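Colleague: This is the structure alone, sequence omitted:
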């Protein structure tokens, strides 16, 4: 029995470009009515579970931090909470974290400036990864000509394209 649920595969479309009717079935006829795919996966995706647990944990930790930071000590003692860090850390930890992040940001920018060659260096134009363009036989028909590999555009071509109106 032939299944009605099918679609064109990109690989088959590429490999059989002249044969437009190349299709294959995704679902078997028995599983089509139940809505269960061939792979047989059930339940939530693990990344969804980790995302949900991470979101709930973040909300709970934020609520605990805000309660600890803003509720007065006598109120915490009245509900039986006696051991907790000093309120100083409610301001000190976020401040230290922000100063560390800003310092790392500026350090990263400084390292990039140190690693970048000066504008007058030829290393800004050519390096060990530079590739010269490859020319194929122009006598070949356009359909028979292979796709040209990627290569760098020469600085003379760039200048010609950008500054030809100023000549």
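Modeller: It's in. Everything numeric in this text was worked out from a predicted model, so none of it was measured.

Colleague: mind listing what residue 85 touches?
Modeller: The contact partners of residue 85, by CB atoms under 8 Å, 6 or more residues apart in numbering, come to residue 68. All C-beta atoms are positioned from the backbone trio N, CA, C, and that covers glycine.

Colleague: That one and residue 152, how far apart?
Modeller: 57 Å (CB to CB, to the nearest Å).

Colleague: Repeat that for residue 93.
Modeller: Taking CB to CB, one finds residue 93 at 49 Å from residue 152.

Colleague: Name the SS class of residue 65, please.
Modeller: For residue 65, the assignment made with DSSP: H, G, I helix; E, B strand; the rest coil gives helix.

Colleague: Report how many residues lie close to the nearest residue to residue 152 once chain neighbours are set aside.
Modeller: Excluding the flanking residues, the one nearest residue 152 by CB to CB, 6 or more residues apart in numbering is residue 130, at 5.1 Å. Applying other CB atoms under 10 Å, we find 10 residues neighbouring residue 130.

Colleague: correct me, but residue 130 touches residue 150?
Modeller: No. Contact criterion CB atoms under 8 Å: residue 130 and residue 150 do not qualify, at 11.4 Å.

Colleague: Residue 93 and residue 152: which is more packed in?
Modeller: Taking neighbours as other CB under 10 Å, residue 93 and residue 152 compare with residue 152 leading, 15 against 12.

Colleague: can you tell me how far the residue nearest to residue 152 sits from residue 116?
Modeller: Residue 130 is 17 Å from residue 116, by CB to CB.
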